[in-house]
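S.K.: Build me a model from this:
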Amino acid sequence: MASARPTNVVSFLRSAAERVGARPALILENDAGQDESISFAQLWDRVDRVSAGLRREGLAPGERAIVMIPMSIDLYVVLLAVLKLGGVAVFVDPWIDRRKIAAFAAFARPTAYLGIAKSHVLRLLEPALRSIRLSVTTGQRFLNLPARRTLRELLAQPGDGQVFDATPDDPALITFTTGSSGIPKGANRTHGFLAAQHAALTVTFPYRDEDIDMPMFPVFALNNLASGITSIVPRMDFAKVDQIDAAGILAQMRRHRVTACTASPPFYDRLAEHLKSGGEPLPLVRRVLTGGAPVGDSQLQSWQQAFHTAAAPVEIVVAYGSTEAEPVAHIHAEERLALSHHTTARPQGYCVGVLIPAITAHAIRIHAGPIELGQQGWSDWDVPRGEVGELVVSGLHVCKDYYLNPMAVAENKIVDADGQVWHRMGDTGYFDADGRFWLVGRVYSTIWRNGQTVHPQLLEQAARGADPRIRQTAALGLADGMLGERVAIVVRGEIDAEVEQQIRTRLADAGFPLDELIVSDKPLPVDPRHNSKIDYAELKRNLGR
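M.R.: Numbering: from 1, shown residues only. Purely as a prediction, here's the structure:
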């Protein structure tokens, strides 16, 4: 159980400011292409000033504040200021449509709305948001438009040094990640959760004191701020990871002597493509960390060829986790590729490695609805080692509930007889004899064909093989009167009759059924956060199925 002592996670930043105050905390390029930098001491001073200002304006502990600020120094100043006074920062993904942003923001029942000037246009257009009493813009203000206060005004007043004495169960962050059910699904991250996540990340992916990191994911930037590690924010459109300016990112990495990087797979694909076409190598980078979607062996091999230098090989690590539980497991490229060389011709899924010590887990039989444990507990649900099931996890850095959404809690959480909360990862896979977990699909994308379960990622691996002409594959279960669901494979790339026949042959050799092969001339839809995972529901809609 977590301790009941105060655990406000902002205290980590204060400690870092006291220890390495002059060190740059965040460095990023502005719209003019110029570097902006803030030290740990300066960041703490700004957080203190804004926190005191928000307190004077009436934001109280436990109240929620919508934060609509893109990746920037202002984002972290505002976010940490809200947490410092005991408020709850609420994030809404900016790539969802305007109506959903407004609906999610209103659902949070906020007291404050903090954002860039453009975001306040949305607030003023929506009746449910116009009535929020405290509004702050990071830009300019004329009379009370677009907000009642500016960030500059809050920064002009002194701080008060006060840090709210949060307990582990006090909420700190709410992040809305999906609204497919019609009810916003906001992960409720408490101070205890964030402190435990910081501890897990620090142990699992340790940094050296002299490291300079380039994190694409905000959670890793926050972890760096807590650890006293400098973060270089990549200059990119975070909603279009697969379209980054590789030459520009690499120049940024060289200029700031970056030694570590954390990003989603398309980010590294673009860098590798540029480096292999003659780009200048990165002699200082010692580790690249990726996650957010399965990574294929061909990708890992490509990254090894591109990133390794004559001086030393780059450590390539694939992390596994989710919004509600990060990290869960990880594996090094060398181990993954070695395992692949020793498996049979039949695809085995994507190995994510052994689960970290801070996580406990079960693999349970696949079930689409809510799960309640009976008198027999887990014995009614556990599957034998080596058999495919759904992964459920528990630990101090596993999110226990969702904000005002009992339906999501019922669907995604399991409470055991001891009151321990377990999170359903939604991923299907199995544990091998050495305790490594192998991903084979998602619960809701599992195909039920003629009474048999078919796992999409296994089919996708087999269909793609090692053919570089195939850019994307997706296995779908389409409604069928006789089979229940028939198996369809959608492929995109340089697909001719020969490639189609090779796909059919690989699937047949691996023992997988194929009822329909669909060739797409358009990119298959992927998740907006990482631009990596296939959006199966959207793909079905696009196909009219």
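
S.K.: mind listing the helices for the stretch 1-150 of the chain?
M.R.: Under the criterion DSSP state H, counting those that start in this stretch, the stretch 1-150 of the chain contains helices at 10-20, 40-56, 73-84, 98-107, 117-125, 127-130.

S.K.: Need the contact partners of the first one.
M.R.: Under the contact criterion CB atoms under 8 Å, 6 or more residues apart in numbering, helix 10-20 has outside partners 25, 40-41, 43-44, 47, 80, 83-84, 163, 195, 198, 225-228. Where you see a C-beta, it was placed from the backbone N, CA and C, and this is true even at glycine.

S.K.: Strands of the stretch 351-500 of the chain, residue ranges please.
M.R.: Shown for the stretch 351-500 of the chain, the strands assigned by DSSP state E, counting those that start in this stretch span residues 360-364, 389-394, 413-415, 421-431, 436-442, 447-449, 452-454, 470-480, 484-493.

S.K.: what are the pairing partners of the last one, and which direction each?
M.R.: Neighbouring strands of strand 484-493 in its sheet, by DSSP bridges, are strand 470-480 (antiparallel), strand 516-520 (parallel).

S.K.: sorry, back to before: top of the contacts of helix 10-20 by neighbour count?
M.R.: Lys84 (29 neighbours; other CB atoms under 10 Å).

S.K.: if you skip the residues just before and after it, what's nearest to Ala102?
M.R.: Glu126 (4.3 Å; CB to CB, 6 or more residues apart in numbering).

S.K.: I misspoke; the intended subject was Ile359.
M.R.: Gly395 (4.6 Å).

S.K.: residue contacts, the spatially closest residue to Val491 that is not a sequence neighbour?
M.R.: Closest residue to Val491 apart from its sequence neighbours, by CB to CB, 6+ apart: Thr473 at 5.3 Å. Thr473 makes contact with 459-460, 463-464, 489-492, according to CB under 8 Å, 6+ apart.

S.K.: how about a cut-off of 10 Å?
M.R.: 456-457, 459-465, 467, 489-493, 503, 524, 534 (CB atoms under 10 Å, 6 or more residues apart in numbering).

S.K.: Just give me the neighbour total for Lys533.
M.R.: Lys533 has 16 neighbours, counted by other CB under 10 Å.

S.K.: Check the one 10 residues further on too.
M.R.: Neighbour count of Leu543, defined by other CB under 10 Å: 14.

S.K.: Repeat that for Phe431.
M.R.: That count, for Phe431 with other CB under 10 Å as the rule, works out to 21.

S.K.: So, low pLDDT: which residues of this protein?
M.R.: Scanning the chain for pLDDT under 70 picks out the ranges 1-6, 94-96, 177-183, 310-311, 342-347, 529-531.

S.K.: domains for it, by residue range?
M.R.: Using automatic domain parsing, the domain ranges for the chain come out as 10-187, 359-443, 446-543.

S.K.: can you redo those domains as TSV with distance to Arg336?
M.R.: Below are the domains of the chain laid out as TSV (distance: least, CB to CB, whole Å):
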stretch	distance to Arg336
domain 10-187	27
domain 359-443	10
domain 446-543	13
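
S.K.: Out of those domains, which gets nearest to Gly291?
M.R.: With CB to CB as the criterion, Gly291 lies closest to domain 446-543 of those, at 8.2 Å.

S.K.: circling back to that earlier point, these two touch, right, the residue nearest to Ala102 and Ala103?
M.R.: Yes. With contact defined as CB atoms under 10 Å, Glu126 and Ala103 form a contacting pair (8.8 Å).

S.K.: which residues touch Leu59?
M.R.: Contacts of Leu59 (CB under 10 Å, 6+ apart): 51, 53, 65, 81-82, 85-87, 110-112, 114, 133-134, 136.

S.K.: Most neighbours of all those, which one?
M.R.: That'd be Leu114 among those, by other CB under 10 Å, with 33 neighbours.

S.K.: Who does it form a beta bridge with?
M.R.: Assigned bridge partners for Leu114, using DSSP bridges, are Val67, Val136.

S.K.: Just give me the neighbour total for Gln501.
M.R.: 11.

S.K.: should've said Val9
M.R.: 25.

S.K.: Spatially, and excluding backbone neighbours, which residue is closest to it.
M.R.: Leu194 (4.5 Å).

S.K.: returning to what we had before: and Gly278, which of the strands of the stretch 351-500 of the chain is closest to it?
M.R.: strand 470-480 (22.4 Å).

S.K.: Check which helices and strands the helix or strand His198 falls within sits against.
M.R.: If you go by DSSP states H and E, His198 is part of helix 191-204. Helices and strands touching helix 191-204, by 3 or more CB pairs under 10 Å, 6 or more residues apart in numbering; DSSP states H and E, are helix 10-20, strand 171-178, strand 185-190, helix 218-227, strand 315-322, strand 325-332.

S.K.: After that helix, which helix or strand is next?
M.R.: strand 212-215.

S.K.: residues making contact with that following strand?
M.R.: Contacts of strand 212-215 (CB under 10 Å, 6+ apart): 24, 27, 71, 205, 207, 220-224, 227, 229-234, 249, 252-253, 256-263, 267, 284-285, 287-289.

S.K.: so who does Asn30 touch?
M.R.: 36, 72-73, 235.
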